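J.: got a predicted structure plus its sequence, pasted below:
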Amino acid sequence: MSDSRGSAAPGSVAIPPGVRKARRDGLPDATVARLPEYLRALLACAERGIPTVSSDSLALAAGVNSAKLRKDLSYLGSYGIRGVGYDVPYLVRQISRELGLTQDWAVAIVGIGSLGHALANYGGFSSRGFRIAALVDSDPGRVGETVAGVMVEHAADLERIVAARGVSIGVIATPAAAAQGVCDRLVRAGVTSILNFAPVLLAVPAEVDLRKVDLSLELQILACRAQRRAVARPLPVGRTRRTAANAGVGAR
């Protein structure tokens with residue numbers, strides 16, 4: 001832990017001069033949702049050897065306005081240094097700690113189809129504090145297969161696997177029909193954080209954190225926005241929407 005004078009324990013990141021001590025009260029959900037974007041932008045700076053970054057530059061890289069970024073980081077106790085900006089290594093450590101990425105989170109992926117394979121093979125988990133501790137599937141043809149160095153185990157043993165591996169986060173990548181049953185079993189086994197990729201809404205107790213990733217929904221939103229842009233785009237002089245549409249008839 002660093003103290004207010006800027007000294008730090010071996011291996012930790014020292015608090016730069018002028019940086020205030022982090023606040024420990026709760027963060028707004030909207031701020032938490034933006035922290036991963038700030039971390040991504042900061043890690044890109046670190047990879048390029050950039051030691052400090054201004055709020056304007058960091059906000060631009062994260063896709064937010066600088067006033068919102070400064071307010072978000074103030075919840076962490078980071079105010080930067082006037083004329084200098086934010087210390088990149090320190091802010092990386094600070095956000096990583098707030099997001100819980102300095103711990104070793106054991107993750108179980110249930111459903112090792114195409115999506116499950118892709119998730120298991122994603123190399124970015126380990127560098128963010130997530131360890132794929134178990135791969136689980138109900139298909140006997142997949143059981144025993146090794147994916148990214150982890151052997152697929154049978155879903156019948158899910159509860160035992162969760163307990164034995166100390167699983168903290170469950171990832172559901174099953175077909176929709178199986179997702180709620182898998183979710184219920186994860187909850188009964190003691191998993192309180194679940195990421196759902198199945199195209200279905202799941203019911204969980206209030207104490208369980210559930211996040212849903214719906215790729216088809218995101219594509220629909222993008223399609224809607226693309227259509228609205230097309231409708232709003234001005235047409236050449238003398239052309240109407242009807243004539244423009246008719247011009248495409250028979251074009252194939």
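T.: Sure thing, it's come through. Numbering: from 1, shown residues only.
J.: hey, let's count contacts and neighbours off CA atoms from now on
T.: Noted.
J.: state the phi and psi torsions of the one residue sitting closest to the centre of the chain.
T.: Against the mean C-alpha coordinate of the chain, by Cα atoms, centre = their mean, the closest residue is residue 36 at 6.5 Å. As for residue 36, its main-chain torsions (degrees, to the nearest 10) stand at phi -60, psi -30.
J.: in contact with it, which residues?
T.: For residue 36, the contact set (Cα atoms under 8 Å, 6 or more residues apart in numbering) comprises residue 99.
J.: swap in residue 209?
T.: By Cα under 8 Å, 6+ apart, the residues touching residue 209 are 192-194.
J.: tell me the one among these nearest to residue 137.
T.: residue 194 (16.5 Å; Cα to Cα).
J.: was I right about residue 85 contacting residue 53?
T.: Yes. Taking contacts as Cα atoms under 8 Å, residue 85 lies within contact range of residue 53: 5.2 Å.
J.: picking that back up, which of the contacts of residue 209 has the largest number of neighbours?
T.: Neighbour tally across the contacts of residue 209 (other Cα atoms under 10 Å): the maximum, 22 neighbours, falls on residue 194.
J.: now name the helix or strand holding that one.
T.: strand 193-196 (DSSP states H and E).
J.: give me the sheet partners of that strand and which way each runs.
T.: strand 169-172 (parallel), strand 209-212 (parallel) (DSSP bridges).
J.: following the last one, which helix or strand comes up?
T.: Helices and strands here follow DSSP H and E; after strand 209-212, the next one along the chain is helix 215-232.
J.: report the buried residues of that following helix.
T.: When burial is assessed from 16 or more other Cα atoms under 10 Å, helix 215-232 yields no buried residues.
J.: can you dump the C-alpha atoms of that helix in PDB for me?
T.: Taking Å, rounded to 0.1, in the frame of the first residue of the first chain, the C-alpha atoms of helix 215-232 are listed here in PDB:
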ATOM      1  CA  LEU A 215     -24.600 -10.000 -29.800                       C
ATOM      2  CA  SER A 216     -27.800 -10.100 -31.900                       C
ATOM      3  CA  LEU A 217     -29.300  -7.200 -29.900                       C
ATOM      4  CA  GLU A 218     -26.100  -5.100 -30.500                       C
ATOM      5  CA  LEU A 219     -26.300  -5.800 -34.200                       C
ATOM      6  CA  GLN A 220     -29.900  -4.800 -34.300                       C
ATOM      7  CA  ILE A 221     -29.100  -1.500 -32.600                       C
ATOM      8  CA  LEU A 222     -26.300  -0.900 -35.100                       C
ATOM      9  CA  ALA A 223     -28.700  -1.700 -38.000                       C
ATOM     10  CA  CYS A 224     -31.300   0.700 -36.600                       C
ATOM     11  CA  ARG A 225     -28.700   3.500 -36.400                       C
ATOM     12  CA  ALA A 226     -27.400   2.800 -39.800                       C
ATOM     13  CA  GLN A 227     -30.900   3.000 -41.200                       C
ATOM     14  CA  ARG A 228     -31.600   6.300 -39.500                       C
ATOM     15  CA  ARG A 229     -28.400   7.800 -40.900                       C
ATOM     16  CA  ALA A 230     -29.400   6.600 -44.400                       C
ATOM     17  CA  VAL A 231     -32.900   8.200 -44.000                       C
ATOM     18  CA  ALA A 232     -31.300  11.400 -42.700                       C
END
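J.: low-confidence ranges, the protein, go.
T.: 1-25, 235-252 (pLDDT under 70).
J.: got the residue ranges for the helices in it?
T.: Assigned by DSSP state H, the helices in the chain fall at 29-47, 55-62, 66-75, 88-98, 114-121, 158-165, 176-188, 215-232, 241-247.
J.: next one: the top strand by length along the chain to chain centre, how far?
T.: In the chain, taking DSSP state E as the definition, the longest strand is strand 130-137. From the chain centre to the centre of strand 130-137 is a distance of 17 Å (Cα atoms, centre = their mean, to the nearest Å).
J.: so which of the contacts of residue 209 comes closest to residue 106?
T.: residue 193 (11.0 Å).
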